[in-house]
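Asker: sequence unknown, structure follows:
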């Protein structure tokens, strides 16, 4: 008998023993409440995981370290991480973990890759990964677990998705057709991400890189470069036509303009205190900044939205909204000249005139803790992920009425939404200012 078959049978026996022990333990606990061993639970979503997922093994009910075994496709990596091959077919995998304190087991479903010929929503769930929804009925198609804590995602016209790890140093890349998942190291504490449609480069803001905020560029060939932009870099927009990347530096209130090719700082200018989110007009002449402050917070100052004209010799402030309670994200609708601003304290979306930043109409009431809104120009929809209620809300930007079936359930602690339409790959939906509608 071959060595590989012997190893496979040994693993199978180990799994069988642990699984049987798990069943016996559950029955024993039911009969003998004084038993000190625990039955644990392996944290996982009920939705199918997509091929290429990397799932940290987290057990609730007893403490690590524990021994884990796998029956099914993929492998267990050092540190207790389950990795599903990108070429895996739909099926399932049994994970069992145990130690002298207890046992836990779960059967994970493995789904098919999302269909690239359908409109999709990629919802960024801080706890679960990227949750793919059908853009028509909002049904969940599967979850791409990234092995980290994603905070943002972007999809380009070629169906290439990039997502951050806000607590780590890895950028996850997925292509829709053919389905594939890869990872790029050296992208520290990524907050926002945007793909430049012209060069194919991926830009990520780094909240902290060696004590400073920074911007990282991942070129098409995988080369990684980084430049310091200020204190705590978060917000990000790209002027594709001029090849300028604008970065919001929260803790010094500045915006850095960076040459997208050379990564050279072109200028740095003050916008507003605690500028978290940015939005850019389609012609690249007006930049919007959101001050993530509240009079009732430790900052003891009201938040606001501001507009900066970029078409002069120096950037200049041309409009400021009235005081906002606790604004965080922004989306710009060029067609209606409306700036939508989410308010994380009041659970609403302020509706402002993009020219004057005066209130246009009553705010839209939404779900709990709205975060980074996303404007889908193709369908005239505004998507609002709500971190506090694990939902995504959706509004028609022409009528400002809620879309049927919204808000809909998604992964745990959603922070952002990226939209994919098959027509984008044919260039039917041009965009001069990539990510002109975003956010924190």
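Answerer: All right, it came through fine. All values reported here derive from a predicted model rather than from experimental measurement.

Asker: tell me which element the closest residue to residue 340 other than its chain neighbours falls in.
Answerer: The shortest distance from residue 340 to any non-neighbouring residue, by CB to CB, 6 or more residues apart in numbering, is to residue 331 (4.6 Å). (C-beta placed from N, C-alpha, C; glycine too.) Following DSSP states H and E, one finds residue 331 within strand 327-333.

Asker: and that strand, which strands flank it?
Answerer: Strands that pair with strand 327-333, judged by DSSP bridges, come out as strand 338-343 (antiparallel).

Asker: from the middle of its chain, how far away would the strand it pairs with be?
Answerer: Strand 338-343 sits 19 Å away from the centroid of its parent chain (CA atoms, centre = their mean, to the nearest Å).

Asker: now tell me what touches that strand from outside.
Answerer: Residues from elsewhere that reach strand 338-343 (CB atoms under 8 Å, 6 or more residues apart in numbering): 279, 288, 290, 305, 321, 324-333, 348-354, 357, 360, 363-364, 366, 370-373, 375, 382, 384, 397, 437, 439.

Asker: sort out for me which of those residues are in strands.
Answerer: Members of these lying in strands (criterion: DSSP state E): 279, 288, 290, 305, 327-333, 348-353, 360, 363-364, 375, 382, 384.

Asker: buried subset of those residues, written for PyMOL?
Answerer: The PyMOL command for the buried members of these (criterion: 16 or more other CB atoms under 10 Å) is given here:
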select buried, resi 279+288+290+305+327+328+329+330+331+332+333+348+349+350+351+352+353+360+363+364+375+382+384
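
Asker: contact partners for residue 293?
Answerer: Residue 293 neighbours (CB under 8 Å, 6+ apart): 273-274, 299, 301-304, 326.

Asker: repeat for residue 118
Answerer: So residue 118 contacts 134-136, 422 (CB under 8 Å, 6+ apart).

Asker: pull out the buried residues from those residues.
Answerer: By neighbour count, with 16+ other CB under 10 Å, these hold 135, 422 as buried.

Asker: thinking again about what came up before, among the contacts of residue 293, which ones are buried?
Answerer: 273-274, 302-304, 326.

Asker: which residues in this structure form helices?
Answerer: Along the chain, counting by DSSP state H, helices occupy 3-31.

Asker: lowest average confidence, helix or strand, in it?
Answerer: When the helices and strands of the chain are compared on mean pLDDT, DSSP states H and E, strand 433-434 comes out lowest with a mean of 40.

Asker: surely residue 77 meets residue 83?
Answerer: Yes: with contact defined as CB atoms under 8 Å, residue 77 reaches residue 83; the gap is 5.7 Å.

Asker: these two: who's more crowded?
Answerer: The neighbour count for residue 77 versus residue 83, taken as other CB atoms under 10 Å, is higher for residue 83 (19 against 13).

Asker: do me a favour and get the end-to-end distance for stretch 159-171?
Answerer: Across stretch 159-171, the terminal residues are separated by 16 Å (CA to CA, to the nearest Å).

Asker: scratch that, stretch 110-126 is what I was asking about
Answerer: Taking CA to CA as the measure, stretch 110-126 stretches 20 Å from start to finish.

Asker: could you pull up the mean pLDDT of it?
Answerer: For stretch 110-126, mean pLDDT rounds to 98.

Asker: okay, and the common contacts of residue 77 and residue 83?
Answerer: Common contact partners of residue 77 and residue 83 (CB under 8 Å, 6+ apart): residue 54.

Asker: pLDDT and distance to residue 185 added to the contacts of residue 118, as TSV?
Answerer: Listed next are the contacts of residue 118 as TSV, based on pLDDT from 0 to 100; distance: CB to CB, whole Å:
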residue	pLDDT	distance to residue 185
134	98	32
135	98	32
136	97	36
422	95	31
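
Asker: what's the closest of the contacts of residue 118 to residue 208?
Answerer: For the contacts of residue 118, the minimum distance to residue 208 (CB to CB) is 34.5 Å, reached by residue 135.

Asker: quick one: the closest one and residue 419 touch, right?
Answerer: Yes: in terms of CB under 8 Å, residue 135 counts as a neighbour of residue 419; the distance is 7.0 Å.
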